[in-house]
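1. I'll drop the sequence and a predicted model, then ask my questions.
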Amino acid sequence: MKQKTYEQLEMQNLATKKNQELATFIRRKRLELGLHQKHIAIKTGLAMSYVSEVEGGIRKNPTYSTVVSILQCLGYEIEIKKIKPKELY
């Protein structure tokens with residue numbers, strides 16, 4: 001098996017951290033609104049188990065459309081804007 005480079009491990013760690021931050025944000029906002037995972041599942045058309053996995057950080061790479069759908073249920077939208085490359089990290 002090929003060993004991962006330091007850069008690959010750093011990118012993997014960054015992705016894991018960002019995924020966990022998103023999962024925590026979604027759960028916190030849902031609870032603040034007093035909503036159940038079932039409500040999000042019904043509104044988005046996702047399985048309740050899938051919503052749970054996204055919130056728990058188990059789903060490592062939820063699709064963009066999944067994240068958008070869940071955030072819309074919570075009253076948020078995603079805005080994409082151009083930034084300077086040095087601001088990426």
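-> It's in. Numbers count the residues shown, from 1 in each chain.
2. which element follows the helix or strand harbouring Glu21 toward the C-terminus?
-> Assigned by DSSP states H and E, Glu21 belongs to helix 6-32. Per DSSP H and E, the first helix or strand lying C-terminal to helix 6-32 is helix 37-44.
3. ok, back up a step: next, the angle helix 37-44 makes with the helix holding Glu21.
-> Helix 6-32 runs at 100 degrees relative to helix 37-44, counting by axes from the mean of the first three to the mean of the last three CA atoms, to 10 degrees.
4. check which helices and strands helix 6-32 sits against.
-> helix 48-55, helix 64-73 (3 or more CB pairs under 8 Å, 6 or more residues apart in numbering; DSSP states H and E). For the C-beta atoms, the positions are set from N, CA and C on the backbone; glycine is no exception.
5. could you pull up the mean pLDDT of the shortest one?
-> If I follow you right, that is helix 48-55. For helix 48-55, mean pLDDT is 96.
6. now do it: everything it contacts.
-> 23, 26-27, 30, 37-38, 40-41, 44, 58-59, 62, 66-67, 70 (CB atoms under 8 Å, 6 or more residues apart in numbering).
7. how far does it sit from its chain's centre?
-> Its chain's C-alpha centre and that of helix 48-55 lie 11 Å apart, by CA atoms, centre = their mean, to the nearest Å.
8. that's all I had, so thanks and see you.
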